[in-house]
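Peer 1: Let me see the structure of the following:
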Amino acid sequence: MKDQIDLTIDGQAYVALTRGRYEQLVELVEDAADAAAVERFKERLASGEEELLPSEMVDRMLAGENLVRVWREHRGLTVSALAEKAGIAQPYLSQIETGKREGTLQTMKKIADALWVTLDDLV
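Peer 2: Residues are numbered from 1 along each chain as shown. Predicted coordinates:
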């Protein structure tokens with residue numbers, strides 16, 4: 001049984017595929033896209049643009065813990081050390097971590113830079 005039929009309609013060449021062959025081709029394209037994404041991630045990981053996170057850290061994030069605190073602790077920094085690196089007052093950073101205050105966009109960018117993460121990683 002053929003899994004394709006060659007057609008000509010109004011002078012244009014077409015190919016009709018069986019459903020099974022079509023699904024095979026779609027799967028191959030999806031697999032190739034997935035493989036390319038994995039390779040891009042590996043390259044970014046090797047260059048330091050990406051990093052692997054421990055599952056406990058991800059669990060804390062998913063549980064709704066303050067992202068600044070989670071990243072700070074992951075980086076092994078104290079509140080004072082992060083505040084100094086970010087150029088902000090330690091009490092202000094503590095208030096951000098406890099949810100008593102929201103950091104301004106400019107402050108959150110400073111914190112993100114000090115933690116070597118993107119702003120998106122903190123919000």
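Peer 1: Every contact and neighbour count from this point should use C-alpha atoms.
Peer 2: Will do.
Peer 1: Can you point out the buried residues in the longest helix along the chain?
Peer 2: Looking across the chain with DSSP state H, the single longest helix is helix 19-47. Buried residues in helix 19-47, counted by 16 or more other C-alpha atoms under 10 Å: none are found.
Peer 1: Now do it, average pLDDT.
Peer 2: Computed over helix 19-47, the mean pLDDT rounds to 94.
Peer 1: can you list contacts of stretch 102-112?
Peer 2: Applying C-alpha atoms under 8 Å, 6 or more residues apart in numbering, the external contacts of stretch 102-112 come out as 68, 82-83, 85-88, 95-96, 118-119, 121-122.
Peer 1: switch the cut-off to 7 Å
Peer 2: Stretch 102-112 has contacts (C-alpha atoms under 7 Å, 6 or more residues apart in numbering) with 86, 96, 118-119, 122.
Peer 1: what's the distance between that stretch and the middle of its chain?
Peer 2: 20 Å (C-alpha atoms, centre = their mean, to the nearest Å).
Peer 1: Using PDB, list the CA coordinates for it.
Peer 2: Presented in PDB, the C-alpha positions along stretch 102-112 are these (Å, rounded to 0.1, in the frame of the first residue of the first chain):
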ATOM      1  CA  GLU A 102       7.800  45.700  47.500                       C
ATOM      2  CA  GLY A 103      11.000  46.700  45.800                       C
ATOM      3  CA  THR A 104      10.900  49.200  43.100                       C
ATOM      4  CA  LEU A 105      11.800  48.100  39.600                       C
ATOM      5  CA  GLN A 106      15.200  49.700  39.900                       C
ATOM      6  CA  THR A 107      15.800  48.100  43.300                       C
ATOM      7  CA  MET A 108      14.800  44.600  42.000                       C
ATOM      8  CA  LYS A 109      17.100  45.100  39.000                       C
ATOM      9  CA  LYS A 110      20.000  45.800  41.400                       C
ATOM     10  CA  ILE A 111      19.100  42.700  43.400                       C
ATOM     11  CA  ALA A 112      18.900  40.600  40.300                       C
END
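Peer 1: Brilliant, that's me finished.
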